[in-house]
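**Student:** Need a 3D model of the following:
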Amino acid sequence: MIIAVAHTKGGVGKTTIALNLAIERARAGRDVWLIDADRQGTAQAAIAQRAADDLSPPLACSQFTTAATLRDQLRLQGPKFDDVVIDVGGRDGEALRAALVLADVVLTPFAPRTFDVWALEDIAALIKEAEAYRAEPIKAFAVINQADSRGGDNEAAAAAVVEPFKLISPGIGRRKSIADAAGGGRSAAEAVRRDPKSVAEIEALVSQVFSM
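**Tutor:** Residues are numbered from 1 along each chain as shown. Sure, this is the predicted structure:
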């Protein structure tokens, strides 16, 4: 399965979500390839730290930021892996558009904030454009990330999700343990200070994404 974690907006936690998806699948015994399609290279840096800390299982990670390279490398190397997770940068660019065409599933994290919800319409429009180049429709899912612990913003954001997205529930809370773990190339389950709520939320997300 090829999963693109994609949004046109930055700061919504795409890299953190992509890392957790890839690592947890590897921990489950899958052969996983994480592709960093963001010029910032944050996912690749995190996996380099994971390797430096000699964490197991190791994770294959490559950085491709042009559409041509992404397409060619997925064609050549993708079949060697059980799962491919693509972390796409927060902008409308060639790598994002290529990832939308190539992916089996698109997962878009967004924060329960007005600008983030509005931006869902941008990525939804790109998904519809990408479907013109595909034989099958894209399976598109959205998940609230950095959710508030109280208040009505989470519910309002969930109600505003537009087609073609289906909302994954529950979302991911604003949890320091998840962010701290990702910075060291670790999933929430591997955090030095393990938070059971964080682990449960990530496990629920992984389970739903890979059962699509």
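**Student:** mind listing the helices for this structure?
**Tutor:** 14-27, 42-52, 67-77, 94-102, 114-130, 153-159, 176-183, 196-209 (DSSP state H).
**Student:** Most tightly packed of those helices?
**Tutor:** Highest mean neighbour count of those: helix 14-27, a mean of 26 (counted as mean count of other Cβ atoms under 10 Å). Placement of C-beta: from N, CA and C, glycine included.
**Student:** So what angle separates the directions of that one and helix 42-52?
**Tutor:** With axes from the mean of the first three to the mean of the last three Cα atoms, to 10 degrees applied, the angle from helix 14-27 to helix 42-52 works out at 40 degrees.
**Student:** just the angle between helix 14-27 and helix 176-183, please?
**Tutor:** For helix 14-27 against helix 176-183, the angle by the same axes, to 10 degrees is 80 degrees.
**Student:** Switch the helices of the chain over to CSV; also include distance to A189 and mean pLDDT.
**Tutor:** Supplementary listing: those in CSV, determined by distance: least, Cβ to Cβ, whole Å; pLDDT from 0 to 100:
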stretch, distance to A189, mean pLDDT
helix 14-27, 7, 97
helix 42-52, 13, 97
helix 67-77, 27, 96
helix 94-102, 26, 95
helix 114-130, 26, 92
helix 153-159, 24, 92
helix 176-183, 8, 94
helix 196-209, 5, 95
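**Student:** Nearest to A6, out of those?
**Tutor:** For the helices of the chain, proximity to A6 was assessed by Cβ to Cβ; helix 94-102 is nearest, at 5.7 Å.
**Student:** Could you name the helices and strands sitting against the closest one?
**Tutor:** Helix 94-102 sits against strand 2-5, strand 32-37, helix 67-77, strand 83-88, helix 114-130, with contacts defined as 3 or more Cβ pairs under 8 Å, 6 or more residues apart in numbering; DSSP states H and E.
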